[in-house]
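just to be clear, the model below is a prediction. Sequence and coordinates:
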Amino acid sequence: METYMEDEMEEEGPAAQRELSAEYVEEREKSLQLFEGWTESDQVDFIENLLLRVCHYQHGQINEFLTPMLQRDFITLLPSEFKRQSSIYSYFIFES
């Protein structure tokens, strides 16, 4: 069986490369094109069903991949007056 090494996106260390089968590499693009043709609801349903079929270790790998994508910079979501450090304290009520 022929295998390929593929770098993961923006990751370093021992888990930075995966060994992929030639069959998978060949079929992946076809599968992704099919997936992209579905509605968002269909895609979510498919991913949910896929996640039900993977093992605990794979869930951990998926979690590591998703965590940076799901982190939010909440400061950028604040109104502009909150972003200026010098004025942020005026919004707090201090009692002695």
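Ah, there it is.

list the buried residues in stretch 60-74.
Buried residues in stretch 60-74, counting neighbours by 16 or more other CB atoms under 10 Å, are absent. In short, each C-beta sits where N, CA and C put it, glycine included.

brain fart, stretch 36-44
So, applying 16+ other CB under 10 Å, stretch 36-44 has no buried residues.

and the end-to-end length of that stretch?
End-to-end distance for stretch 36-44, by CA to CA, to the nearest Å: 11 Å.

quick one: residues in contact with that stretch.
Phe35, Phe46 (CB atoms under 8 Å, 6 or more residues apart in numbering).

low-confidence stretches in the chain?
Filtered on pLDDT under 70, the chain yields the residue ranges 1-16, 74-75, 79-96.

at 50 instead, please
Residues of the chain meeting the criterion pLDDT under 50: 8-15.

which parts of it are helices?
Using DSSP state H, the helices of the chain run over residues 22-36, 40-52, 56-70, 74-77, 80-83, 85-88.

helix 40-52 and the first one, what's the angle between them?
To tie it back to what came earlier, the one meant is helix 22-36. Using axes from the mean of the first three to the mean of the last three CA atoms, to 10 degrees, the inter-axis angle of helix 22-36 relative to helix 40-52 is 150 degrees.

kindly report the same for the third one.
Computed with the same axes, to 10 degrees, the direction of helix 56-70 lies at 140 degrees from that of helix 40-52.

and helix 56-70, what does it pack against?
Helices and strands touching helix 56-70, as assessed by 3 or more CB pairs under 8 Å, 6 or more residues apart in numbering; DSSP states H and E, are absent.

dump that helix to PDB, restricted to CA.
In PDB, the C-alpha atoms belonging to helix 56-70 read as follows (Å, rounded to 0.1, in the frame of the first residue of the first chain):
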ATOM      1  CA  HIS A  56     -12.000   9.100  21.300                       C
ATOM      2  CA  TYR A  57      -8.400   9.700  20.100                       C
ATOM      3  CA  GLN A  58      -9.700  11.100  16.800                       C
ATOM      4  CA  HIS A  59     -12.000  13.400  18.700                       C
ATOM      5  CA  GLY A  60      -9.000  14.800  20.600                       C
ATOM      6  CA  GLN A  61      -7.200  15.400  17.300                       C
ATOM      7  CA  ILE A  62     -10.200  17.200  15.900                       C
ATOM      8  CA  ASN A  63     -10.600  19.200  19.000                       C
ATOM      9  CA  GLU A  64      -6.900  20.400  18.700                       C
ATOM     10  CA  PHE A  65      -7.600  21.400  15.100                       C
ATOM     11  CA  LEU A  66     -10.800  23.300  15.900                       C
ATOM     12  CA  THR A  67      -9.800  25.100  19.100                       C
ATOM     13  CA  PRO A  68      -7.800  27.800  17.500                       C
ATOM     14  CA  MET A  69     -10.500  28.300  14.800                       C
ATOM     15  CA  LEU A  70     -13.100  28.800  17.500                       C
END
